[in-house]
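[1] my questions are about this predicted structure, shown below with the sequence.
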There are 2 protein chains.
Amino acid sequence: MYNERKISSAVINRLPRYYRYLGDLLENDITRISSKELSIKMNITASQIRQDLNNFGGFGQQGYGYNVEYLYSEIKKILGLDKVYNLIVVGGGNIGQALVNYTNFEKRGFVITAVFDVNPRLIGMTIRGIEVHDVDCMEEFVKNNNVDVAILTLPRSQANTVASNLAEWGVKGMWNFSHVDLNMPDDIKVENVHLTDSLMTLLYKINEVETDEASIIHNTDNNKE
Amino acid sequence: MYNERKISSAVINRLPRYYRYLGDLLENDITRISSKELSIKMNITASQIRQDLNNFGGFGQQGYGYNVEYLYSEIKKILGLDKVYNLIVVGGGNIGQALVNYTNFEKRGFVITAVFDVNPRLIGMTIRGIEVHDVDCMEEFVKNNNVDVAILTLPRSQANTVASNLAEWGVKGMWNFSHVDLNMPDDIKVENVHLTDSLMTLLYKINEVETDEASIIHNTDNNKE
């Protein structure tokens, strides 16, 4: 029944993390776990865990805890990981190639079926058996194959135009590595991986630590500024 | 004076996005902008923008708007992008190599100075002029060079041990691509790029759209489940 209520995006963003931790537990032959034990491992509160999992009907039993295998397989279903997905890469540069070479995706049912690029030096090449096609063939490919996700690793100036076309041709979601925000209709889902933003955030936090330390030492100096 | 108050991490996470949009405005020779115009572009409320920028003393003037160049350069300073940073890559696989090849980082002052790996086939190689060293030399390198950030693209089983060592040797931040959460002391900053989690979240959202559509059609069927 979980799909009849709107789940908040904060909860959705935490689900893959639950899935990862439960997978680790299974690998270590741990078959049940209390919300408290899980909360220590995951560094979030036990009540947060109970609340999160209640969104999906809750799978815990008072005094027993969670059945790890059951919870893992339920979250797997909720995340839709019991299906196989068809992905294409648009932009066969460094990041695009690295993603094609990342074999773990395939193990999870994320299958990259084609790469598209404009660069004649790349077109015709194969990366781990997957061909790089001319971007001119993309419309036909997308219309003839049921493409779930386009992985966008193309220059930011082109990302919005290409994404709009892909959406029109039937692609349901954009995994966006291009360093620009996409303007998409509501039914097209977007997840951004803005690498430069992430690195900048990290540097800010590092500088903040240093500033804090400096301001403890030079507090009176700072007050004069 | 902005560094004397604690800025929330939500604001910090938005700063690179402000920086990106302001950079675009500058490139298009737009010298001033109201919070309202900026809010439309960025798809967040004008009051959010004013609140965010007030954290740093605010740079807007009533009836005039923001001076784009000034705001851009202030955010640049706040983010610490007026300095040069020394980065190393730990794990010279696909993602590690792609990041070394990403020349935009250097333009922003993020300089990768070395790559470390255990694989004898990679050691001694150079990627865009940057040498891949044996991981056994990492301690000496880190202790002799002021390494700001380690980019971790190594198997998850090793990530925590390696990160702890790096922190002890003086690395201030971890940009973590390994698919595991790091347990670090508070003064070591971590930004995670969990690619698989991000893709799973996207697939959840795609499935949710499809489930919503299906439940409109088959609503009575679902209620029986």
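    Looks like it arrived, so ask away.
[2] buried stuff in the biggest strand by length in chain A?
    For chain A, the longest strand by residue count, based on DSSP state E, is strand A:110-117. Buried residues in strand A:110-117, defined by neighbour count with 16 or more other CB atoms under 10 Å in any protein chain shown: A:Phe110, A:Ile112, A:Ala114, A:Val115, A:Phe116, A:Asp117. To be clear about C-beta, it is placed using only N, CA and C from the backbone, and glycine gets the same treatment.
[3] mind giving me the packing neighbours of the helix or strand harbouring A:Pro16?
    Mapping A:Pro16 onto the secondary structure by DSSP states H and E places it in helix A:9-27. Other elements packing on helix A:9-27 under the criterion 3 or more CB pairs under 8 Å, 6 or more residues apart in numbering or on different chains; DSSP states H and E are helix A:35-42, helix A:46-54, helix A:68-78, helix B:195-217.
[4] in terms of mean pLDDT, which of those ranks lowest?
    For the helices and strands packed on helix A:9-27, mean pLDDT drops lowest on helix B:195-217, to a mean of 81.
[5] please report how far A:Asn160 lies from A:Ser198.
    21 Å (CB to CB, to the nearest Å).
[6] please apply the same query to A:Ile30.
    Taken as CB to CB, the span from A:Ile30 to A:Ser198 is 32 Å.
[7] who's more crowded, those two?
    Remark: of A:Ile30 and A:Ser198, A:Ser198 carries more neighbours, 18 against 13, as counted by other CB atoms under 10 Å in any protein chain shown.
[8] who touches that one in this structure?
    B:Pro16, B:Trp175, B:Glu191, B:Val193 (CB atoms under 8 Å, 6 or more residues apart in numbering or on different chains).
[9] JSON lines for these, including pLDDT, secondary structure and neighbour count?
    As requested, the contacts of A:Ser198 are exported to JSON lines (pLDDT from 0 to 100; DSSP: H, G, I helix; E, B strand; the rest coil; neighbours: other CB atoms under 10 Å in any protein chain shown):
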{"residue": "B:Pro16", "pLDDT": "93", "secondary structure": "helix", "neighbour count": "22"}
{"residue": "B:Trp175", "pLDDT": "98", "secondary structure": "strand", "neighbour count": "24"}
{"residue": "B:Glu191", "pLDDT": "96", "secondary structure": "strand", "neighbour count": "21"}
{"residue": "B:Val193", "pLDDT": "96", "secondary structure": "coil", "neighbour count": "21"}
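[10] okay if I get those residues as CSV plus distance to B:Lys205?
    Below are these laid out as CSV (distance: CB to CB, whole Å):
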residue, distance to B:Lys205
B:Pro16, 23
B:Trp175, 25
B:Glu191, 23
B:Val193, 19
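[11] nearest to A:Ile75, of the residues you listed?
    Proximity of the contacts of A:Ser198 to A:Ile75, judged by CB to CB, is greatest for B:Val193, which lies at 21.6 Å.
[12] by contact count, what packs against the longest strand of chain A?
    In this structure, strand A:110-117 makes packing contacts with strand A:85-90, helix A:94-100, helix A:104-107, strand A:130-134, helix A:138-144, judged by 3+ CB pairs under 8 Å, 6+ apart.
[13] moving C-terminal of that strand, what's the next helix or strand?
    Once the chain leaves strand A:110-117, the next helix or strand it forms, by DSSP H and E, is strand A:126-127.
[14] can you list the strands that that following strand pairs with?
    When pairing is defined by DSSP bridges, strand A:126-127 lines up against strand A:130-134 (antiparallel).
[15] assess the claim that A:Pro16 and B:Leu203 are in contact.
    No. Using CB atoms under 8 Å as the test, A:Pro16 is too far from B:Leu203 to be in contact (9.5 Å).
[16] picking up where we left off before, what angle do strand A:130-134 and the longest strand of chain A make with each other?
    For strand A:110-117 against strand A:130-134, the angle by axes from the mean of the first three to the mean of the last three CA atoms, to 10 degrees is 30 degrees.
[17] quick check: mean pLDDT of strand A:110-117?
    In this model, strand A:110-117 carries a mean pLDDT of 96.
[18] tell me how far A:Leu166 lies from chain B.
    Distance check for A:Leu166 against chain B: by CB to the nearest CB, to the nearest Å, it reads 13 Å.
[19] many thanks, have a good one.
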